[in-house]
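Novice: from the sequence below, what's the structure:
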Amino acid sequence: MTVTTTATPSAATVSGTVSSTAAVPAALSAPAAPAAASAAAPAGAAEPACSDPCRDVSDPACRAPLPVLGRDVSVPLVTGGTVTYAALDYAASAPALQRVWDDVAAYAPYYGSVHRGAGYLSQLSTDLFEQSRATVAEFLGCRPGDQVLFTRSTTDSLNLLAAALPAGTRVYVFETEHHAALLPWQRATDAEVVCLAAPRTPEQAVAALDVALHGAPKGPKLVCVTGASNVTGELWPVRELAAAAHRHGARIVLDAAQLAPHHPVDVAALDVDWVAFSGHKLYAPFGSGVLAGRPDWLREAEPYLAGGGATRTVTRGADGRVDVEWHDGAARHEAGSPNVIGAYAIASACRALRDAGFEALVERERALLARLLDGLGEIGAVRVLSLFGPGAPRVGVVSFVVDGWNSSHFAAALSAEHGIGVRDGLFCAHPLVRVLLDSDPGEPGECGAPDAAPGERSLNAIRVSFGAGTPVEHVDRFVAAVRTLVRDGAAWRYTTEGGRCVPQKD
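Specialist: Alright, predicted model coming up:
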């Protein structure tokens, strides 16, 4: 197959496409951030009182959360009655911001095919798609010349980059990474993966990378690191790791899946070469993700998917072969009909966080986090997991274990008896959880409920996570529920079915 490349035309040069400001109806222009809605339970719902109600209006934790879908959903309790659901599993998938949902609903009647369509809705959708790309670039602080690609998720983004590695690339990754950042490199053609041991301080992380890169042979090198741990929430020294990587001629990709929803990300200031994140963690759960950064490795690589949209010309040669001329811009790796709604939802979320004032959101989350950690710290049976130590900066992600409980049983009781949704297991970061729990390498462990009695040791933990849409009442309810379960035990009997711990049926 003969392959040549040409530049991808911009949205503005597509035949017949009107300018973006003229193409987008007024209903689709970004609205002002709506006033925060109350998270109170609907009429008739039984809402437990908080043990420490929020009375200090100067406390950032008491500021109103951003309105999200599901904030007034009632769920049944196994012990009887209903309660407003407390969604505290943001690290897995955050609820959609109400503003994102409203923006998507306003666009939906105008949905059309993207790129090359002559019709008005196609042109409008194309402009909206490319506007979304520009919005994400601005949100991430991308450099001139950086490229924004829309993918399905962080996992997809990092697999795309793995497929684009130059031959002979050595990839450096800590064992503490989420599987989405740990595993794609194993499948890269002609790549060598160096897995570094878990550091116990940020300084150790930088020093370990420096040593590893210092002895590396010549050739392309890539470092993959998280911005915030999906298990402990701890912030990693991204700027310092980037400096160490570049000092030795390596490039670095930032897994910002847990960082971007909680903290501003500035590609230029951090000096990372690429950043990846998911829409469903950024309050835009519509099946889209982002890979943004330097275009050269991506331009030289074979397209991630072969198909329509990635090609400029396709011809049948005289010898019967198919000759392809690929685009060399973002379209090269975006074959097929793109997820326009997903891309637009991510852009909407970026605008909403920007308009709400990201620094104010960070301050509020820190206050909620302090409230949560102080509450858990008063419960003797609870051990909060940490890689860097109890004083390390975190985002709103905390994992812990409880003496005398297996974690799946505890999480099931929080849900069934208190209407609180958290996560239990190994959080797709098996090596890290093993380190945090001082597990022997051969000790069995997997996601889902273990075949262990309620008080038996199990290789899993409980994770509580929150964000811009979390009301302070949910944090207080969670701490009160943990205290009650530790003091009184479960009020119901539980069993394991299909890998999950569930209430026994009467």
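Novice: from here on, just use CA atoms for contacts and neighbour counts.
Specialist: Noted.
Novice: you'd agree E130 is in a strand?
Specialist: No: counting by DSSP: H, G, I helix; E, B strand; the rest coil, E130 is not found in a strand; it is helix.
Novice: how about the nearest residue to T84, chain neighbours excluded?
Specialist: Once flanking residues are discounted, T84 sits nearest to S74: 4.3 Å by CA to CA, 6 or more residues apart in numbering.
Novice: likewise for I420?
Specialist: Using CA to CA, 6+ apart and skipping the chain neighbours, the partner closest in space to I420 is A86 (4.7 Å).
Novice: circling back to that earlier point, ok, how many other residues are close to the residue nearest to T84?
Specialist: 20 (other CA atoms under 10 Å).
Novice: next: E363.
Specialist: As a burial measure, E363 scores 15 neighbours (other CA under 10 Å).
Novice: what do you get for D355?
Specialist: For D355, using other CA under 10 Å, the count is 12.
Novice: one more: the one 4 residues further on?
Specialist: Using other CA under 10 Å, the number of residues around E359 comes to 14.
Novice: show me the helices in the protein, by range?
Specialist: Ranges of helices in the chain, per DSSP state H, are 20-23, 98-107, 120-140, 154-163, 179-182, 202-214, 238-247, 267-270, 296-300, 340-356, 358-377, 407-418, 430-436, 472-488.
Novice: which elements pack onto the fifth one?
Specialist: Under the contact definition 3 or more CA pairs under 8 Å, 6 or more residues apart in numbering; DSSP states H and E, helix 179-182 sits against helix 154-163, strand 170-174, strand 221-226.
Novice: coming back round to it: so which of the helices of the chain comes closest to S386?
Specialist: helix 430-436 (6.9 Å; CA to CA).
Novice: just the CA coordinates of the closest one, formatted as PDB?
Specialist: What follows is helix 430-436, C-alpha atoms only, in PDB (Å, rounded to 0.1, in the frame of the first residue of the first chain):
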ATOM      1  CA  HIS A 430      -4.100  -3.500  41.300                       C
ATOM      2  CA  PRO A 431      -0.300  -3.000  41.900                       C
ATOM      3  CA  LEU A 432      -0.900   0.300  43.700                       C
ATOM      4  CA  VAL A 433      -3.600  -1.100  46.000                       C
ATOM      5  CA  ARG A 434      -1.300  -4.100  46.800                       C
ATOM      6  CA  VAL A 435       1.400  -1.600  47.800                       C
ATOM      7  CA  LEU A 436      -1.000   0.400  50.000                       C
END
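Novice: hmm, who's touching that helix?
Specialist: Helix 430-436 is contacted from outside by 175-177, 198, 231, 385-387, 426, 440-441, 446, 459-461, using CA atoms under 8 Å, 6 or more residues apart in numbering.
Novice: so for it, mean pLDDT?
Specialist: Averaging pLDDT along helix 430-436 gives 96.
Novice: from now on call the first residue 540
Specialist: That works, and once the first residue is 540, the last one we named lands at helix 969-975.
Novice: for P741, give me its contacts.
Specialist: W775, P776, F927.
Novice: quick one: it from S938, how far?
Specialist: Using CA to CA, to the nearest Å, P741 is found at 19 Å from S938.
Novice: same thing with A920?
Specialist: Relative to S938, A920 is positioned 14 Å away (CA to CA).
Novice: between those two, who's got more neighbours?
Specialist: Under the criterion of other CA under 10 Å, the comparison of A920 against S938 puts S938 first, with 24 against 17.
Novice: test my guess that that one contacts R1002.
Specialist: Yes: under the criterion of CA atoms under 8 Å, S938 makes contact with R1002 at 4.1 Å.
Novice: how near is H969 to F678?
Specialist: Using CA to CA, we find H969 at a distance of 32 Å from F678.
Novice: now do G658
Specialist: Using CA to CA, one gets 30 Å for the distance from G658 to F678.
Novice: these two - which one has more neighbours?
Specialist: F678 (20 against 12).
Novice: the more buried one and P776, how far apart?
Specialist: Per CA to CA, F678 is found 20 Å from P776.
Novice: thinking again about what came up before, by neighbour count, which of the contacts of helix 969-975 wins?
Specialist: Using other CA under 10 Å as the neighbour criterion, V770 leads those with 30 neighbours.
Novice: quick one: it and A968 touch, right?
Specialist: Yes: between V770 and A968 there is a contact at 7.5 Å, judged by CA under 8 Å.
Novice: CA atoms of stretch 868-875 as CSV?
Specialist: The C-alpha coordinates for stretch 868-875 follow below in CSV (Å, rounded to 0.1, in the frame of the first residue of the first chain):
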residue,chain,number,x,y,z
GLY,A,868,-4.1,16.6,11.2
ALA,A,869,-6.4,15.4,13.9
ALA,A,870,-8.6,13.7,11.2
ARG,A,871,-5.9,11.2,10.6
HIS,A,872,-6.8,9.4,13.9
GLU,A,873,-10.5,10.2,14.0
ALA,A,874,-11.8,7.8,11.3
GLY,A,875,-15.5,7.2,11.2
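Novice: buried residues in that stretch, which are they?
Specialist: By neighbour count with 16 or more other CA atoms under 10 Å, stretch 868-875 contains the buried residues G868, A869, A870, R871, H872, E873, A874.
Novice: before we move on, what about stretch 940-948?
Specialist: V940, V941, G943, W944, N945, S946, S947, H948.
Novice: and for S938 and R1002, which residues touch both?
Specialist: Common neighbours of S938 and R1002 (criterion: CA under 8 Å, 6+ apart): V770.
Novice: just the pLDDT for the residue nearest to L700 when sequence neighbours are not counted.
Specialist: Leaving aside its sequence neighbours, L700 sits nearest to L837 (CA to CA, 6+ apart; 7.4 Å). What the model reports as pLDDT for L837 is 94.
Novice: and L837, how many neighbours?
Specialist: Close neighbours of L837, defined as other CA under 10 Å, add up to 23.
Novice: got any ranges where this structure has weak pLDDT?
Specialist: Applying pLDDT under 70 to the chain flags residues 540-596, 980-996.
Novice: grab the nearest non-local neighbour of the spatially most central residue of it.
Specialist: Centroid-nearest residue in the chain, with CA atoms, centre = their mean: A796, separated by 3.0 Å. Among residues not flanking A796 along the chain, F816 sits closest, at 4.3 Å (CA to CA, 6+ apart).
Novice: the one you found reaches S827, doesn't it?
Specialist: No: using CA under 8 Å, F816 makes no contact with S827, being 9.2 Å away.
Novice: mind checking how far the residue of the chain most remote from its centre is from R851?
Specialist: The outermost residue of the chain relative to its centre, with distances by CA atoms, centre = their mean, is A857 at 48.5 Å. Distance, A857 to R851, using CA to CA: 19 Å.
Novice: P803 now?
Specialist: From P803 across to R851, the span is 36 Å (CA to CA).
Novice: who's more crowded, these two?
Specialist: Using other CA under 10 Å as the criterion, P803 and R851 rank with R851 on top: 19 against 16.
Novice: looking at it, that one is touching E864, isn't it?
Specialist: Yes: using CA under 8 Å, R851 is in contact with E864, at 5.4 Å.
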